[in-house]
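Undergrad: pasting the structure only:
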């Protein structure tokens, strides 16, 4: 049995298949969430901007705008950039998963899917999004400053625009600075996912996080065959 969320969050379900929408809405509402829906790309963007949901369950193949385009619109708008996104699609090819994660999706679930697994993934995403801003101190890692109370990250005093998952990934590495973190451990800690889920998810988020950190991105070191660590030494050029 899946426990109801501690706080009621609003979720937007975007899919052009009425049966899928009805199934997802039913199980999310049953778990205690407030749920809205949209069936086209433009409607999804409009509802996201109007309602500011905590999370969007987003199909890829939509009329008007593709799911990728909707994701770009959400991440590119200051009012919606922090909304969590779970991609839900029949497209199982790795390039599609990589593209979705590269554009800022927090997780990727393929059809056919288990409604219980979808609800659990939604809960996991929202838990880490909420937890990311609950600690009350500042963590310094070289030129990187993580304000856990304000849920912000800056490099050399310049604020960065990170998604909730990127923030949690960086925070996890910073809190264990100098220690190697296995990909499977990061999946369990950051994504709260079973370790048999593709570790490529971690690699794509690390790649995007390094890019956003700029010169400080060199602090995230790859340990071949194992995982990643945040270096205990200063980044080059920082």
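TA: On my side now, so go ahead. Just so we're clear, the structure is a prediction, and the values are computed from it rather than from any experiment.

Undergrad: what helices or strands is the helix or strand encompassing residue 72 leaning on?
TA: For residue 72, the element it lies in under DSSP states H and E is helix 67-76. Other helices and strands packing on helix 67-76, by 3 or more Cβ pairs under 8 Å, 6 or more residues apart in numbering; DSSP states H and E, are helix 41-51, strand 55-58, strand 84-89, helix 94-102. C-beta coordinates here come from the backbone N, C-alpha and C atoms, glycine included.

Undergrad: quick one: the longest one to helix 67-76, angle?
TA: Spelled out, it's helix 41-51. 30 degrees (axes from the mean of the first three to the mean of the last three Cα atoms, to 10 degrees).

Undergrad: counting contacts, what elements does helix 41-51 pack onto?
TA: On a contact count with 3+ Cβ pairs under 8 Å, 6+ apart, helix 41-51 meets strand 10-14, strand 34-38, strand 55-58, helix 67-76.

Undergrad: Can you tell me which of the ones you listed is nearest to residue 114?
TA: Closest of the helices and strands packed on helix 41-51 to residue 114 is strand 55-58, at 13.9 Å (criterion: Cβ to Cβ).

Undergrad: List of residues touching that closest one?
TA: Residues from elsewhere that reach strand 55-58, judged by Cβ atoms under 8 Å, 6 or more residues apart in numbering: 9, 11-15, 24, 28, 44, 48, 67, 70-71, 74, 83-88, 105-106, 118, 122, 125-126, 129.

Undergrad: Would you mark the buried spots in the longest helix along the chain?
TA: Longest helix in the chain by number of residues (criterion: DSSP state H): helix 115-131. Buried residues in helix 115-131, counted by 16 or more other Cβ atoms under 10 Å: 118, 119, 120, 121, 122, 123, 124, 125, 126, 128, 129.

Undergrad: Flag the shaky bits of this protein, pLDDT-wise.
TA: Low-confidence segments of the chain (pLDDT under 70): 1-7, 129-136, 193-197, 232-238.

Undergrad: Could you chop it up by domain?
TA: Domain ranges of the chain: 10-131, 138-230, per automatic domain parsing.

Undergrad: now the shortest one, how far from the centre of its chain.
TA: Here domain 138-230 is found 12 Å from its chain centre; the criterion is Cα atoms, centre = their mean, to the nearest Å.

Undergrad: And for stretch 121-128?
TA: Using Cα atoms, centre = their mean, the offset of stretch 121-128 from its chain centre is 9 Å.

Undergrad: Could you double-check that residue 81 sits in contact with residue 74?
TA: Yes: under the criterion of Cβ atoms under 8 Å, residue 81 makes contact with residue 74 at 6.9 Å.

Undergrad: higher neighbour count, these two?
TA: Using other Cβ atoms under 10 Å, the more surrounded residue of residue 81 and residue 74 is residue 74, with 25 against 13.

Undergrad: And for residue 34, the neighbour number?
TA: So residue 34, with other Cβ under 10 Å, has 14 neighbours.

Undergrad: That one and residue 211: what is the separation?
TA: Distance from residue 34 to residue 211, counting by Cβ to Cβ, to the nearest Å: 35 Å.

Undergrad: that older thread, tell me the helices and strands packed up against the longest helix of the chain.
TA: Under the contact rule (3+ Cβ pairs under 8 Å, 6+ apart), helix 115-131 is packed against helix 18-30, strand 55-58, strand 84-89, strand 107-110, helix 164-175.
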